[in-house]
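Asker: could you work out the structure for the sequence below:
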Amino acid sequence: MYKKLFNNTGKLTKFILKRERIYILVWIVLLTILTLAVAVTFADMYSDYEALQGMHAAFDNPALIAMVGPYFGEAYTFGVMFSQNMLLFTAIGAGVMSIFLVIRNTRKDEDYGRTEVIRSLPVGRLSNLLATINVVVIINVLLTLITGFGLFALGINEMPLCASLIYGASLGIIGIFFGAVAALFSQASATSRGAMGYSFMFLGVLYLVRAAGDVGENILAYISPLGLVLRAAPFAYNNLWPLLVIAGLSVVGTLIAFYFNSIRDLGAGLTAAKPGRREASVFLQSPFGLAMRLLKGTLIGWGLTIFILGASYGSIFGDIETLLDDNEMMQQMFLGEATIEELRMSVGLEEQFLTTIVSMFIIMLTVPILIILLKIYSEEKKGRLENIYAKKVSRSKMLKSYLLIALGSSIDFVLLFTFGLWLAAFAVMAEPLSLVTVLLSGLLYLPAVWFMIGLTLFLIGVAPKLIKLVWAYLGASLFIVYLGGALQLPEWLASLTPFGHISQYPVESVAVLPLVILTLAAIGMCVIGFSAYNKRDIA
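Answerer: Predicted coordinates for the structure are as follows:
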């Protein structure tokens, strides 16, 4: 009986590996390159005792401990410093990778009807879920080995093989844990969108619980697996017990997911969708109302997250001098070529720090904005737009509805982030920045965001299969803006992204011409996108 439940799991595992080979390769390469590149950069900058102690002083404050976690060990060595700065964020990256992979191959396949086709073959009821879990384990083990041996191969004295493998295992075990979490929510939710939302909400809650536990030095840090993984303390204590605890939780979560998968109906979730009204409201009967209804949860969830994110980074403004003093890498990232003394004499240290924070996070805020616009393409791929276009609804009205929501969200999200940033900074600074200055520093980036919206809409209309290029372009923009100064990348690279043409107010005076050009380019791409969308075949 049990054999029938898992029939042909091996073949399905091979199929998923082949199907997701590009996805797996990209994620592993990105996480590995990020880890090794930062390790090499840190090794160049913090090769002496004084530089390490400067980093120690900068990161030994509550705001940064809440973000990256505390350090472990009797001495603040290079390995300890690297682990404190990188472990949490790379572990979250591994978790995000696993969440997407599991939901794509379980709940999303059910939404598209693919699982039903697979089940019509001699395949066990639980084979697809087990095959997906197998793939998650395989890629996270690969990530563990590549990262661990890669760090050791750098030849850095304070990164021995055992500790490097513990670091890699920390990433792998968190990836497996969040794969189990995604498998669990895939059974609970009736849609892939719901499963994705619950999974990332759970990740966010665990991050906040860990932050509260690390800052307060209490048991909350041990309740969250993200806090537990930090207690592995690679390059300091090299503890295995936190990883074993997380592995045990992963096994329990996976077994529960298997049980729920065995008792629920295909295409349904454990939690039934709430019944709607018998008759739709006038607003819901319009294309704009329908789009707003579909995106309501996304808008609320991202709005709250963005405000909290802004407030979190605003709290750093009270310790800027401590963060940057005697810290070469931080100065290059946030100050560029200027020194702290030069900034104190000119525009101000806080203003320079503000411009870097805003430029970096506006690019990140572009992600949910593009997700909102791409919802129309997602609905098209699922075959739902055919039913709408069969009525007296024009394509232009439907596309315009999603475009208006994306444009409105771009303004709302920037305002939420900058207001949260100002509010927290106002509470911790003796002489806070003005609200108008902070808001304007973010709003100036709107033409660059609109350029990305226009590019996305252009591809939706002209070449929807190339949509992934937008994400690659956005990722490259973030890399150039975020690490350009620290890695001393050529300045001309910034001009290849729309965000590199925006004046860094209040440090620089506002250049109007780039804003006008970016806005006109966005309008032009939108016009072409609308025209092409009205003419092309709907998938």
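
Asker: which elements pack onto the biggest helix by length in the chain?
Answerer: The residue-count maximum for a helix in the chain (DSSP state H) belongs to helix 395-428. Under the contact definition 3 or more C-beta pairs under 8 Å, 6 or more residues apart in numbering; DSSP states H and E, helix 395-428 sits against helix 287-314, helix 349-373, helix 375-381, helix 385-389, helix 435-443, helix 446-462, helix 512-535. (C-beta placed from N, C-alpha, C; glycine too.)

Asker: buried ones in stretch 433-442, by neighbour count?
Answerer: Within stretch 433-442, the residues that qualify as buried are Leu433, Thr437, Val438, Leu439, Ser441, Gly442, counting by 16 or more other C-beta atoms under 10 Å.

Asker: ok, Tyr76 - contacts?
Answerer: Leu52, Gln53, Met55, His56 (C-beta atoms under 8 Å, 6 or more residues apart in numbering).

Asker: helix, strand, or coil at it?
Answerer: Using DSSP: H, G, I helix; E, B strand; the rest coil, the three-state assignment for Tyr76 comes out as coil.

Asker: out of the buried residues of stretch 433-442, which is nearest to Thr305?
Answerer: The nearest member of the buried residues of stretch 433-442 to Thr305, counting by C-beta to C-beta, is Gly442 at 16.1 Å.

Asker: what pLDDT does the closest one get?
Answerer: Model confidence at Gly442, given as pLDDT, is 90.

Asker: could you find the closest non-adjacent residue to it?
Answerer: Among residues not flanking Gly442 along the chain, Thr418 sits closest, at 3.9 Å (C-beta to C-beta, 6 or more residues apart in numbering).

Asker: would you confirm that that neighbour contacts Leu446?
Answerer: No - taking contacts as C-beta atoms under 8 Å, Thr418 lies outside contact range of Leu446: 11.4 Å.

Asker: these two - which one has more neighbours?
Answerer: A direct count of neighbours by other C-beta atoms under 10 Å for Thr418 and Leu446 places Thr418 higher, at 28 against 20.

Asker: contacts only, for the more buried one.
Answerer: Contacts of Thr418 (C-beta under 8 Å, 6+ apart): Gly310, Val358, Val438, Leu439, Ser441, Gly442, Leu443.

Asker: please redo it, this time with the cut-off set to 10 Å
Answerer: 306-307, 310, 314, 354, 357-358, 361-362, 435, 437-443, 445 (C-beta atoms under 10 Å, 6 or more residues apart in numbering).

Asker: same check on Ile372?
Answerer: Neighbours of Ile372 in contact, by C-beta under 10 Å, 6+ apart: 291, 294-295, 298-299, 302, 402-403, 405-410, 413, 453.

Asker: against Leu299, how distant is it?
Answerer: In this view, Ile372 and Leu299 are 7 Å apart by C-beta to C-beta, to the nearest Å.

Asker: now Val245
Answerer: Taken as C-beta to C-beta, the span from Val245 to Leu299 is 37 Å.

Asker: repeat for Glu279
Answerer: 24 Å.

Asker: who has more neighbours out of those two?
Answerer: Leu299 (17 against 8).

Asker: wait, what's in contact with that one?
Answerer: Contacts of Leu299 (C-beta under 10 Å, 6+ apart): Met292, Pro368, Ile372, Ile405, Gly408, Ser409, Asp412, Phe413.

Asker: from the residues you listed, keep the buried residues only.
Answerer: Buried, going by 16+ other C-beta under 10 Å: Met292, Pro368, Ile372, Ile405, Ser409, Asp412, Phe413, out of those.

Asker: closest to Leu161 out of those residues?
Answerer: Pro368 (40.4 Å).

Asker: ok, now which ones touch the residue nearest to the closest one when sequence neighbours are not counted?
Answerer: Of all residues not flanking Pro368 in the chain, Trp302 sits nearest, at 4.3 Å (C-beta to C-beta, 6+ apart). Residues counted as contacts of Trp302 (C-beta under 10 Å, 6+ apart) are Leu295, Leu365, Val367, Pro368, Ile369, Ile371, Ile372, Ser409, Asp412, Phe413, Leu416.

Asker: same question, Gly314
Answerer: Contacts of Gly314 by C-beta under 10 Å, 6+ apart are 63, 354, 357, 417-429, 432-433, 438.

Asker: related to what we said a few turns ago, and the contacts of Tyr76, which two are furthest apart?
Answerer: Gln53 and Met55 (7.3 Å).

Asker: okay, those two: which has more neighbours?
Answerer: Using other C-beta under 10 Å as the criterion, Gln53 and Met55 rank with Met55 on top: 26 against 14.

Asker: which parts of stretch 110-117 are buried?
Answerer: Buried positions in stretch 110-117, judged by neighbour count with 16+ other C-beta under 10 Å: Glu110, Asp111, Thr115.

Asker: same check, this time on stretch 382-397
Answerer: Applying 16+ other C-beta under 10 Å to stretch 382-397 flags Leu385, Arg395 as buried.

Asker: how far off centre is that stretch?
Answerer: Chain-centre distance of stretch 382-397: 32 Å, with C-alpha atoms, centre = their mean, to the nearest Å.

Asker: could you work out the end-to-end span of it for me?
Answerer: 19 Å (C-alpha to C-alpha, to the nearest Å).

Asker: state the mean pLDDT of that stretch.
Answerer: 82.

Asker: and if you look at stretch 355-369?
Answerer: Mean pLDDT, stretch 355-369: 86.

Asker: only C-alpha atoms, please: export that stretch in CSV.
Answerer: Presented in CSV, the C-alpha positions along stretch 355-369 are these (Å, rounded to 0.1, in the frame of the first residue of the first chain):
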residue,chain,number,x,y,z
THR,A,355,20.8,58.9,-0.1
THR,A,356,22.5,55.5,-0.1
ILE,A,357,19.8,53.8,2.0
VAL,A,358,17.0,55.3,-0.2
SER,A,359,18.7,54.4,-3.5
MET,A,360,19.3,50.9,-2.4
PHE,A,361,15.8,50.2,-1.1
ILE,A,362,13.8,51.9,-3.8
ILE,A,363,15.2,49.3,-6.2
MET,A,364,14.0,46.6,-3.7
LEU,A,365,10.6,48.2,-3.6
THR,A,366,10.4,47.9,-7.4
VAL,A,367,10.0,44.1,-6.9
PRO,A,368,6.5,44.1,-5.5
ILE,A,369,5.5,46.9,-7.9
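
Asker: apart from its neighbours in sequence, what residue is nearest Met398?
Answerer: That would be Pro287: by C-beta to C-beta, 6+ apart, it lies 4.8 Å from Met398.
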